[in-house]
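In: Sharing a model prediction with you, sequence too.
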Amino acid sequence: MRIRPIMLAGLGALTLAACNKQEHVASAPPPPPGAVPGSTAADRDGDGIIDGYYTADGIYHPNALPPMPSAPPAPTRLGERG
């Protein structure tokens, strides 16, 4: 006669376990500004700075460097007055 309450308790626990809610999984953060979707960053020289990226078809695209600043004007022959 003792088997019935034990069986009822086990069945109740099994039923309640089936109703357990799944934990919400956080989504991945968005890519940083300037990132190319579907690409992989490439650090070719190993200095820790991304030099370019590989697209899904395996082609390497180097990052374009900003143009060098223009040279400062040459000093005058007369010197500076002031």
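Out: Thanks, I have it. Worth saying up front: this structure is predicted, and the values here are computed from it rather than measured.

In: There's contact between Pro62 and Ile50 in this structure, I believe.
Out: No: using C-beta atoms under 8 Å, Pro62 makes no contact with Ile50, being 10.2 Å away. Just so you know, the C-beta spots here come from the backbone N, C-alpha and C atoms, and that holds for glycine as well.

In: Settle it for me: which of those two has more neighbours?
Out: Ile50 (13 against 10; other C-beta atoms under 10 Å).

In: I figured the more buried one hits His61, correct?
Out: No: the pair Ile50 / His61 is not scored as a contact, 11.3 Å apart, by C-beta under 8 Å.

In: tell me the contacts of Pro31?
Out: Pro31 makes contact with Pro37, according to C-beta atoms under 8 Å, 6 or more residues apart in numbering.

In: Just say helix, strand or coil for it.
Out: Using DSSP: H, G, I helix; E, B strand; the rest coil, the structure places Pro31 in coil.

In: CA atoms only for stretch 63-82, dumped as PDB, please.
Out: Extracted C-alpha coordinates of stretch 63-82, given in PDB (Å, rounded to 0.1, in the frame of the first residue of the first chain):
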ATOM      1  CA  ASN A  63      42.300  48.100 -44.900                       C
ATOM      2  CA  ALA A  64      42.900  51.400 -46.700                       C
ATOM      3  CA  LEU A  65      45.300  53.600 -44.800                       C
ATOM      4  CA  PRO A  66      44.400  57.300 -44.400                       C
ATOM      5  CA  PRO A  67      46.500  59.600 -46.700                       C
ATOM      6  CA  MET A  68      49.700  61.000 -45.200                       C
ATOM      7  CA  PRO A  69      49.400  64.600 -44.000                       C
ATOM      8  CA  SER A  70      51.000  67.200 -46.200                       C
ATOM      9  CA  ALA A  71      54.500  68.300 -45.300                       C
ATOM     10  CA  PRO A  72      54.700  71.500 -43.200                       C
ATOM     11  CA  PRO A  73      55.700  74.600 -45.100                       C
ATOM     12  CA  ALA A  74      59.400  75.400 -45.400                       C
ATOM     13  CA  PRO A  75      60.800  78.100 -43.200                       C
ATOM     14  CA  THR A  76      61.300  81.500 -44.700                       C
ATOM     15  CA  ARG A  77      64.800  82.700 -45.700                       C
ATOM     16  CA  LEU A  78      64.500  85.900 -43.700                       C
ATOM     17  CA  GLY A  79      63.700  84.100 -40.500                       C
ATOM     18  CA  GLU A  80      60.900  84.800 -38.100                       C
ATOM     19  CA  ARG A  81      60.100  88.300 -36.900                       C
ATOM     20  CA  GLY A  82      58.300  89.000 -33.800                       C
END
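
In: Kind regards, and thank you for your time.
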